[in-house]
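**Student:** 3D model of this:
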Amino acid sequence: MALCIYFPVEGMSAEKYEEILRRLEAAGAGAPKGRSYHVSFQMGDGLQVVDVWDSQADFDAFGETLMPILSELGVNPGEPAVGEGHNIIVG
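**Tutor:** Numbering: from 1, shown residues only. Just a heads-up that it's a prediction; the model follows:
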């Protein structure tokens with residue numbers, strides 16, 4: 001079953017988000033194994049993120065690349081909320 005993960009991100013401006021994407025791409029993790037969907041959206045004064053992953057192992061492997069990048073840029077991903085996907089409708 002897919003995992004839906006919501007990150008209550010603190011301190012992520014659109015500029016920092018774009019830099020994170022550039023660094024992930026440079027690290028070969030722009031489209032990581034096991035991530036089905038990625039959505040960023042404006043909430044309050046910053047961007048939030050929701051991802052859908054095939055497995056916890058794929059998510060954890062991606063975190064090894066992502067977390068140092070977030071730390072370098074001063075972005076706190078917050079404590080992610082994780083739930084099993086019940087249904088996905090495309091379109």
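**Student:** How about the secondary structure of residue 59?
**Tutor:** helix (DSSP: H, G, I helix; E, B strand; the rest coil).
**Student:** any idea how far it is from residue 91?
**Tutor:** Residue 59 sits at a distance of 25 Å from residue 91 (criterion: Cβ to Cβ, to the nearest Å). Placement of C-beta: from N, CA and C, glycine included.
**Student:** So between the two, which is more surrounded?
**Tutor:** Neighbours were counted for residue 59 and for residue 91 using other Cβ atoms under 10 Å; residue 59 has more, 20 against 2.
**Student:** Name the nearest residue to the more buried one, ignoring sequence neighbours.
**Tutor:** residue 53 (4.4 Å; Cβ to Cβ, 6 or more residues apart in numbering).
**Student:** Hmm, residue 81 is touching residue 3, no?
**Tutor:** No. Between residue 81 and residue 3 there is no contact, the gap being 10.7 Å when judged by Cβ atoms under 8 Å.
**Student:** Tell me which of the two has more neighbours.
**Tutor:** Set residue 81 next to residue 3 and count neighbours by other Cβ under 10 Å: residue 3 wins out with 19 against 11.
**Student:** Beta-bridge partners for that one, please?
**Tutor:** Assessed by DSSP bridges, residue 3 has beta-bridge partners residue 53, residue 84.
**Student:** my read: it touches residue 60, true?
**Tutor:** No. At 10.7 Å, residue 3 and residue 60 do not qualify as touching, with contact defined as Cβ under 8 Å.
**Student:** What sits closest to residue 11 if chain neighbours are left out?
**Tutor:** Of all residues not flanking residue 11 in the chain, residue 75 sits nearest, at 5.3 Å (Cβ to Cβ, 6+ apart).
**Student:** and the gap between that neighbour and residue 36?
**Tutor:** Distance from residue 75 to residue 36, by Cβ to Cβ: 23 Å.
**Student:** which of these two has more neighbours?
**Tutor:** Taking residue 75 and residue 36 together and counting by other Cβ under 10 Å, residue 75 has the greater number of neighbours (23 against 14).
**Student:** Does the more buried one touch residue 9 like I think?
**Tutor:** Yes. Using Cβ under 8 Å, residue 75 makes contact with residue 9 at a distance of 6.5 Å.
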